[in-house]
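*Asks:* Need the 3D shape of this:
(one chain, ligands or ions: 1)
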Amino acid sequence: MADLLSVENLSAGYGRAVVLSDVAFRLGEGEALAVLGRNGVGKTTLLDTLVGVTRRFTGSIALGGREVGTLAPETRAGLGVGWVPQERNIFRSLSVQENLTAVARPGPWTLDRVFRLFPRLKERRQQSGASLSGGEQQMLAIGRALATNPRLLLLDEPTEGLAPIIVQELLAALTRLLREEKLAAIIVEQHAQKILPITDRALILERGRIVHQSDSAALLADPMPLERFLGVTGR
Ligand SMILES: Nc1ncnc2c1ncn2[C@@H]1O[C@H](COP(=O)(O)OP(=O)(O)OP(=O)(O)O)[C@@H](O)[C@H]1O
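*Replies:* Residues are numbered from 1 along each chain as shown. I've put the predicted structure just below:
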């Protein structure tokens, strides 16, 4: 499978602090990767480095064969890096529909298609972003990233802090995105058992380094690395 993303020898951090060291992995077109690890190991820093909002010390990030590691975040976004940050960053004073149309770029992900994926957003299309529940704001944040028609979607703990029923709804939408629509994605998640069934590959970070990489199915079948590096079972 052709590489959509190829990361080599990446080290990055903030100011003089090195958080990520010698990170290397590949992602094929249409593949989904789970990024796992305990608190503070550098998961968010990895996504932020792909987006371009940290300090990169060494290494390369190639998207579709083109080096993007030196480019500004907005240029990377224009080349197809879609980002749903942990803090969601929706426009609180704009309506749901305005949030989506403000960032829309031409491509298969039209407003209608986003509304088909998240019917709750369609029902609330005239409401302000601020009036939405936490789960609905997360759906809007994902919808906004989709409306930019990304080649690669980066999701930072999309289910964090949400009620179980909303988590189920979000996971069902993500399953559709990753399994049926075959959108390439990298998902940071604390709970391995939620995300491994819907991703192709997984990596585990510890202190800014990759300590395990494998197929997600292999990790589910043999959860030893989850026990060792996350202190949880895969179930
Ligand atoms: N803006 C920043 N400036 C300086 N250091 C930072 C900054 N953001 C994160 N760090 C440090 O980088 C390290 C990795 O943090 P990061 O948020 O990437 O971890 P994480 O695995 O995503 O953790 P969590 O699951 O708690 O979100 C931590 O030691 C953190 O204190």
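*Asks:* just checking, residue 114 touches residue 121?
*Replies:* Yes: the pair residue 114 / residue 121 is scored as a contact, 6.9 Å apart, by C-beta atoms under 8 Å. Every residue, glycine included, has its C-beta placed from N, CA and C.
*Asks:* what residues do those two have in common as contacts?
*Replies:* 100, 143 (C-beta atoms under 8 Å, 6 or more residues apart in numbering).
*Asks:* which helices and strands does the lengthiest helix in the chain pack with?
*Replies:* Longest helix in the chain, counting residues (DSSP state H): helix 134-147. Helix 134-147 is packed against strand 81-84, helix 96-103, helix 111-117, helix 119-123, strand 152-156, helix 164-175, with contacts defined by 3 or more C-beta pairs under 8 Å, 6 or more residues apart in numbering; DSSP states H and E.
*Asks:* Could you list every helix and strand in contact with the first one?
*Replies:* The helices and strands touching strand 81-84, judged by 3+ C-beta pairs under 8 Å, 6+ apart, are helix 43-51, helix 134-147, strand 152-156.
*Asks:* Repeat the analysis, applying 10 Å as the threshold.
*Replies:* If you count contacts as 3 or more C-beta pairs under 10 Å, 6 or more residues apart in numbering; DSSP states H and E, strand 81-84 packs onto helix 43-51, helix 73-78, helix 134-147, strand 152-156, strand 184-188.
*Asks:* count of neighbours near residue 97?
*Replies:* 17 (other C-beta atoms under 10 Å).
*Asks:* Hmm, it is touching residue 112, no?
*Replies:* No: the criterion here is C-beta atoms under 10 Å, and residue 97 misses it with residue 112 at 11.3 Å.
*Asks:* circling back: please identify which of the helices and strands packed on helix 134-147 is closest to the ligand.
*Replies:* strand 152-156 (7.5 Å; C-beta to the nearest ligand atom).
*Asks:* Could you tell me the angle between that closest one and helix 164-175?
*Replies:* Counting by axes from the mean of the first three to the mean of the last three C-alpha atoms, to 10 degrees, strand 152-156 points 160 degrees away from the direction of helix 164-175.
*Asks:* wait, does strand 152-156 contact the ligand?
*Replies:* No: Strand 152-156 is not in contact with the ligand by C-beta under 6 Å from any ligand atom; minimum separation 7.5 Å.
*Asks:* Now do the contacts for residue 92.
*Replies:* Contacts for residue 92 were tallied using C-beta atoms under 10 Å, 6 or more residues apart in numbering; they are 99, 128, 129, 130, 131, 132, 137.
*Asks:* For residue 155, name its beta-bridge partners.
*Replies:* As for beta bridges, residue 155 partners with residue 84, residue 187 under DSSP bridges.
*Asks:* quick one: it from residue 191, how far?
*Replies:* From residue 155 across to residue 191, the span is 13 Å (C-beta to C-beta, to the nearest Å).
*Asks:* just residue 114 next, same as before
*Replies:* Distance from residue 114 to residue 191, by C-beta to C-beta: 25 Å.
*Asks:* circling back to that earlier point, got CSV for the helices and strands packed on helix 134-147, with mean pLDDT too?
*Replies:* CSV is the format used below for the helices and strands packed on helix 134-147 (pLDDT from 0 to 100):
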stretch, mean pLDDT
strand 81-84, 96
helix 96-103, 95
helix 111-117, 96
helix 119-123, 95
strand 152-156, 97
helix 164-175, 93
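*Asks:* Any chance of CSV for the ones you listed, columns distance to residue 28?
*Replies:* What follows is these, written out as CSV (distance: least, C-beta to C-beta, whole Å):
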stretch, distance to residue 28
strand 81-84, 16
helix 96-103, 27
helix 111-117, 23
helix 119-123, 30
strand 152-156, 11
helix 164-175, 18
